[in-house]
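>>> Need a 3D model of the following:
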Amino acid sequence: MAPRIALFRAVNVSGANKVAMTDLKAMFEDLGLGPARTLQAAGSVVFHGPGSDTTLEVLLETEAANRFGLKSPVFVRDAAEWDVIIAHNPFPDAARDEPNRLLVMPLKGRPAPEGVAALQAAAQHGERVAAGEACAYFHYAGGVGESKLTPKLIERCLGFAGTGRNWNTALKLAAMMAEG
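Next up, the predicted model:
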């Protein structure tokens, strides 16, 4: 089976939704989705398993809620889907010069153009926003901490839950999937 990633939203952020990565990895293996490997402590897991992205998302969301009390959306992508996300990055200059300020955000659906336009209008201080198939890209030129492009605003404008990973992490996840 081809490798996939599961991205949990808001895990181990600001002291909330605490889950040890060893426990998360064990959950995947108990579900027959191993071998599983985690990256950092933010809920990024590379795993192997059958089923559609949607079916796996529901399984993982349900199991994480049962085991850890974690109420977090999960975003599953296979290696081919992740490679498309990487290849279609509309901000190659940010990827090269400020990869820590470029975020890739998988979404639960395809964003409408008017939602993307609303975020572009809200962007300040050189920020840029673009969207692809069930994914959005954010270049936070002034840094994420000072931005008005908050997760709450993004979700309201796009109409879908999402979870962000910076460009460095996106590339590390691609490399982990390429390793198998």
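>>> count of residues packed around the nearest residue to A65 once chain neighbours are set aside?
Leaving out its chain neighbours, the residue that sits closest to A65 by CB to CB, 6 or more residues apart in numbering is K71, at 6.0 Å. The way it works is simple: take the backbone N, C-alpha and C, and place the C-beta from them, glycine included. K71 is flanked by 11 other residues according to other CB atoms under 10 Å.
>>> does K71 really touch V19, like I thought?
No. Here K71 does not reach V19: they are 11.7 Å apart, not a contact under CB atoms under 8 Å.
>>> before we move on, back to that, element containing the residue nearest to A65?
Assigned by DSSP states H and E, K71 belongs to no helix or strand.
>>> Check it and give its pLDDT.
At K71, the model reports a pLDDT of 88.
>>> mind checking how far it is from A161?
11 Å (CB to CB, to the nearest Å).
>>> do G43 as well
G43 sits 14 Å away from A161, going by CB to CB.
>>> Neighbour count: the two, which is higher?
G43 (25 against 18).
>>> For stretch 156-163, buried residues please.
Residues of stretch 156-163 classed as buried: C157, L158, F160, A161, G162, T163 (neighbour count, 16 or more other CB atoms under 10 Å).
>>> Over to stretch 160-173?
F160, A161, G162, T163, G164, R165, N166, W167, T169, A170, K172, L173.
>>> Per-residue pLDDT of the most far-flung residue of the chain relative to its centre, please?
Distance from the centre of the chain peaks at H125, with 24.0 Å (CA atoms, centre = their mean). pLDDT for H125: 91.
>>> so what's the spatially closest residue to it that is not a sequence neighbour up against?
Excluding the flanking residues, the one nearest H125 by CB to CB, 6+ apart is G142, at 4.0 Å. Counting by CB atoms under 8 Å, 6 or more residues apart in numbering, G142 touches Q124, H125, G126, E127.
>>> Just the buried ones from these?
E127.
>>> Tell me which two of the contacts of G142 sit farthest apart.
Pairwise distances across the contacts of G142 (CB to CB) peak at 8.0 Å, for the pair Q124 and G126.
>>> Poorly predicted segments of this structure, please.
12-16 (pLDDT under 70).
>>> same thing but 80
1, 10-17, 41, 180 (pLDDT under 80).
>>> Check the gap between G51 and L31 for me.
As for G51, its distance to L31 is 11 Å (criterion: CB to CB).
>>> list residues touching both of the two?
L59.
>>> As CSV, could you dump the C-alpha coordinates of the longest helix along the chain?
The residue-count maximum for a helix in the chain (DSSP state H) belongs to helix 53-68. Output of helix 53-68 as CSV, limited to C-alpha atoms (Å, rounded to 0.1, in the frame of the first residue of the first chain):
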residue,chain,number,x,y,z
ASP,A,53,-9.4,9.6,2.4
THR,A,54,-12.9,10.3,3.7
THR,A,55,-13.4,6.9,5.3
LEU,A,56,-10.0,7.1,7.0
GLU,A,57,-10.7,10.6,8.2
VAL,A,58,-13.9,9.5,9.9
LEU,A,59,-12.2,6.4,11.4
LEU,A,60,-9.3,8.5,12.8
GLU,A,61,-11.5,11.3,14.1
THR,A,62,-13.7,8.8,15.9
GLU,A,63,-10.9,6.8,17.3
ALA,A,64,-8.9,9.9,18.5
ALA,A,65,-12.1,11.1,20.2
ASN,A,66,-12.6,7.7,21.9
ARG,A,67,-9.0,7.2,23.0
PHE,A,68,-7.8,10.7,23.8
